[in-house]
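> show me the folded form of this:
(one chain, ligands or ions: 2)
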Amino acid sequence: MNASVLEALSLAPKVAAAPPAAVHIEATGVSKQYGAKGVLALDQVSLSVREGEFLSILGPSGCGKSTLLRCVAGLERPTGGEIRVHGEPVRKPPANMGVVFQRDVLLEWRSILDNMFLQVDFRGEPRGRYMERAHELLDLFGLKGFEKAFPAQLSGGMRQRAAICRALLANPDLLLMDEPFGALDALTRDQMNLELQKIWSASRRTILFVTHSIGEAVFLSDRVVVMSPRPGRIAMTLTIDLPRPRRMMVREMPEFALYCGQIRALFGDMGLLKDE
Ligand SMILES: Nc1ncnc2c1ncn2[C@@H]1O[C@H](COP(=O)(O)OP(=O)(O)O)[C@@H](O)[C@H]1O
Ligand SMILES: [Mg+2]
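Numbers count the residues shown, from 1 in each chain. Ligands and ions are numbered 1, 2, ... in the order given. The predicted model follows:
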């Protein structure tokens, strides 16, 4: 008897539903005001990110995306609400977290390998126990042979890859990325999107990814959270139900266009996009 008949008879072996993934990051009513009477950058943002999820925060420039990310990273304190990482309120940068910024923030006077070991050196840990992983990462990101090169000798894409290697060195379970590919040319950016997807698929770390590119957010994410202009609020959350692994071709699919169209329409409603 074939499976569909069994199913119709309700005799098919029941596949136990996978338990829902645990919550990794929980933001509850998070607000951030810079200065007593200053800019309200975030207004009552509530957001839950599951373990292993790839979630993008998408929004216009100045809507508070970086502020939100810095609050999650413990680099900034919210003025209202609370952020918990693995159930613990964030008071300082959590252990087990890697951060990649838009500008690669590599130190020009340190070699690529020395840049990767910046935090390890800073913490006064011996390099030895990370050395094998460092070389694996460099290999994986096409930087083998550039260990001794200085940042100025690398292309923009290579520099950003080095910054990602650095963030991944301590094997963090949470990766925060703030417009990491914003400064790259279109082709390099596409390539980096593919590489990031590969890394994420292989390791299933939680990734909180900030971008202002609609296509990039839809391509990479399980969910896209769209923010309104300042003060940043969550305007829409979209679950991206496209099969993985996603190849560049996925961008030609009608479903892909529909997701992008939905977000573009929302930006239009917000007065951010006038298309007439
Ligand atoms: N350190 C700061 N001091 C004062 N205002 C800030 C600071 N950082 C960001 N802002 C303001 O908060 C708002 C949100 O900024 P940001 O989080 O950088 O937005 P985004 O990353 O979405 O472009 C902007 O109006 C910005 O000028
Ligand atoms: Mg920003």
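> count the neighbours of G38 for me.
10 (other C-beta atoms under 10 Å). Quick note: C-beta positions are derived from backbone N, CA and C, even for glycine.
> isn't there a helix covering it?
No. Applying DSSP: H, G, I helix; E, B strand; the rest coil, one finds G38 to be coil, outside a helix.
> so which strand or helix has W200?
helix 186-203 (DSSP states H and E).
> what's in contact with that helix?
54, 140-141, 155-157, 160-161, 164, 168, 180-181, 184, 207, 216, 219-220, 244-248 (C-beta atoms under 8 Å, 6 or more residues apart in numbering).
> now the angle from the next helix or strand along the chain from that helix to helix 186-203?
Per DSSP H and E, helix 186-203 leads on to strand 206-211 as the next helix or strand towards the C-terminus. Relative orientation of strand 206-211 and helix 186-203, computed by axes from the mean of the first three to the mean of the last three C-alpha atoms, to 10 degrees: 160 degrees.
> who are the packing partners of strand 206-211?
strand 23-33, strand 40-50, strand 54-58, helix 65-72, strand 174-178, helix 214-220 (3 or more C-beta pairs under 8 Å, 6 or more residues apart in numbering; DSSP states H and E).
> mean neighbour count, these: which tops it?
strand 54-58 (a mean of 26; mean count of other C-beta atoms under 10 Å).
> still on that earlier bit, buried residues of the helix holding W200, list them for me.
T188, R189, D190, Q191, M192, N193, L194, E195, L196, Q197, I199, W200 (16 or more other C-beta atoms under 10 Å).
> just the contacts of helix 186-203: which are in helices?
When DSSP state H is applied, those are split such that L140, G156, G157, Q160, R161, I164, L168, E216, F219, L220 fall in helices.
> of these, closest to ligand 1?
Taking C-beta to the nearest ligand atom as the measure, ligand 1 lies nearest E216 of the ones in helices among the contacts of helix 186-203, at 14.8 Å.
> and H24, how far from E136?
25 Å (C-beta to C-beta, to the nearest Å).
> around ligand 1, pick out the residues from the stretch 51-200 of the chain.
Contact residues, the stretch 51-200 of the chain versus ligand 1 (C-beta under 6 Å from any ligand atom): G59, S61, G62, C63, G64, K65, S66, T67.
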